[in-house]
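Student: coordinates only, sequence not included:
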DNA sequence: GTCTATATGGGGATAGAC
DNA sequence: GTCTATCCCCATATAGAC
């Protein structure tokens, strides 16, 4: 709230600023929650990853629950901004769909850990996502309406728009949730730019072909 | 090992047989591991679900680790039997692909909990799956070879066969991993037979169209 | 063969020291 | 403002009672 005039006289190698520590904690929390979910993650492990002792960590956070809420909120906010139909001024159905697939895939490839937190949360029942559903569902409804129009106009083949949206979700989210499997099958790191390019092109082709999209 | 002549004189309402207890334990373990993963699941919760006290449970199992290994092995064995190309004597590419999608999807819909254990395990790094990868990868290679032939013959459009297999995996596995999301979006239980029929038809159409499959 | 009482360690969180 | 010593609970697992 109040604008404390932080000195920020940070001699390198000296003690970390509070902000740096908090950033380390958030990063550590993302890794741990991503691997083990809320229940499975331990504040012990988060502290170690952040270079702190467990008891030190508990000075910087309110509690495990609110640390988790913060990280989850960060993800949901990023998603709700990114994954809207017609972002970046795309206009044709082909372009709107391609852009959507691209955005969703790039997020999965660039932020696999935080994406997996969502999956982990859903697997454990999703109770901590309840607050986010109304908004998420209304964003979905917007996409559904748009797709239904295209179906009615014969631009895409007759299909259930909700199932198409779920299909795209599944196809893209795979590359964060199943990164381990994907890298084993492909024998290559998912961080390789050429591979990312290939996956992107293939997913776009697959989706466009999958709904018989005419320009 | 030795064939103990079990009396099995089970008066209804009386004490459960050891086999019944073990079945309860396995079912409870599947539910718990499915929700919280290996680390997050507690023997306490498993015991409660199985109608036992924690200390009783530990009489019937060796330890948490081996209970988990048993359940995971059960899943991997079921999958390796089910998901082979050309099961049930299907012959045309169209039929082989459709049958594969159907088998994978039906398993996801019929056994969502145990399917989720795999996902949970991957999310936490997949170390407990190491023993299963060689066989799984060789089964995958079989499918890849088959698909590559079809590509070479112009039966399906030019695509990376491994990516197609991963796409099908993602599309079908979605219905166990994201069952909560799916039911919210669709406003309906995934156990509804009509909905299952619709999903199946749509997935098959989507995949066949997605690879431009000619008969 | 079955179950209980108990050991031992790690979990999250805090009161109080610096 | 920062960190440590410590609390209490729940985790897994087992020795020993029935």
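Tutor: Sure, I can see it. Predicted model only: the values in this text are computed from it and were never measured. Numbers count the residues shown, from 1 in each chain, chains lettered A, B, ... in the order given.

Student: From here on, just use CA atoms for contacts and neighbour counts.
Tutor: Fine.

Student: how near is residue A:116 to residue A:150?
Tutor: Note on residue A:116: its distance to residue A:150, by C-alpha to C-alpha, to the nearest Å, is 32 Å.

Student: These two - which one has more neighbours?
Tutor: residue A:116 (28 against 17; other C-alpha atoms under 10 Å in any protein chain shown).

Student: I figured that one was touching residue A:178, is that so?
Tutor: No: applying C-alpha atoms under 8 Å as the test, residue A:116 and residue A:178 come out as separate, 9.2 Å apart.

Student: what sits in contact with each of the two?
Tutor: Any residue near both residue A:116 and residue A:178 by C-alpha atoms under 8 Å, 6 or more residues apart in numbering or on different chains counts here, and that gives residue B:123.

Student: So which residues on chain A come close to DNA strand C?
Tutor: Selection of chain A residues close to DNA strand C by C-alpha under 7 Å from any atom of the strand yields A:41-45, A:54-56, A:58-59, A:62-65.

Student: residues touching residue A:85, list them.
Tutor: Residue A:85 makes contacts with A:96-97, A:100, A:143, as judged by C-alpha under 8 Å, 6+ apart.

Student: Which ones, among these, also lie beside chain B?
Tutor: By C-alpha under 8 Å from any C-alpha of the partner chain, no member of the contacts of residue A:85 lies near chain B.

Student: residues of the helix of greatest length in chain A that come out buried?
Tutor: Longest helix in chain A, counting residues (DSSP state H): helix A:18-40. For helix A:18-40, burial by neighbour count (16 or more other C-alpha atoms under 10 Å in any protein chain shown) applies to A:21-22, A:24-40.

Student: quick revisit: of the residues of chain A next to DNA strand C, buried ones?
Tutor: A:41-43, A:45, A:54, A:64.

Student: what about stretch A:44-55, start to end distance?
Tutor: First-to-last residue span, stretch A:44-55, C-alpha to C-alpha: 9 Å.

Student: Do that stretch and DNA strand D come into contact?
Tutor: Yes: counting by C-alpha under 7 Å from any atom of the strand, DNA strand D is contacted by stretch A:44-55 at A:53, A:55.

Student: ok, the closest residue to residue A:117 other than its chain neighbours - contacts?
Tutor: Nearest non-adjacent residue to residue A:117, counting by C-alpha to C-alpha, 6 or more residues apart in numbering or on different chains: residue A:34, 4.5 Å away. Contact analysis of residue A:34 by C-alpha under 8 Å, 6+ apart lists A:113-117, A:120, B:123-124.

Student: still on that earlier bit, turn the contacts of residue A:85 into TSV, columns for pLDDT, distance to residue A:212 and neighbour count.
Tutor: Output for the contacts of residue A:85, formatted as TSV (pLDDT from 0 to 100; distance: C-alpha to C-alpha, whole Å; neighbours: other C-alpha atoms under 10 Å in any protein chain shown):
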residue	pLDDT	distance to residue A:212	neighbour count
A:96	95	15	18
A:97	96	12	21
A:100	96	17	21
A:143	96	18	18
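
Student: Just name the closest of those to DNA strand C, please.
Tutor: Proximity of the contacts of residue A:85 to DNA strand C (C-alpha to the nearest atom of the strand) peaks at residue A:100, which lies at 36.8 Å.

Student: any idea how far the closest one lies from DNA strand D?
Tutor: 42 Å (C-alpha to the nearest atom of the strand, to the nearest Å).

Student: which helices and strands sit right next to the host helix or strand of that residue?
Tutor: According to DSSP states H and E, residue A:100 maps onto helix A:93-110. With contacts taken as 3 or more C-alpha pairs under 8 Å, 6 or more residues apart in numbering or on different chains; DSSP states H and E, helix A:93-110 sits against helix A:161-177, helix A:193-210.

Student: If we use 6 Å, what do you get?
Tutor: With contacts taken as 3 or more C-alpha pairs under 6 Å, 6 or more residues apart in numbering or on different chains; DSSP states H and E, helix A:93-110 sits against helix A:161-177.

Student: quick one: the helix it packs on near chain B?
Tutor: Yes: using C-alpha under 6 Å from any C-alpha of the partner chain, helix A:161-177 reaches chain B at A:167, A:170-171, A:174.

Student: quick one, domains of chain A?
Tutor: For chain A, whose domains are defined here by automatic domain parsing, the residue ranges read A:18-61, A:70-210.
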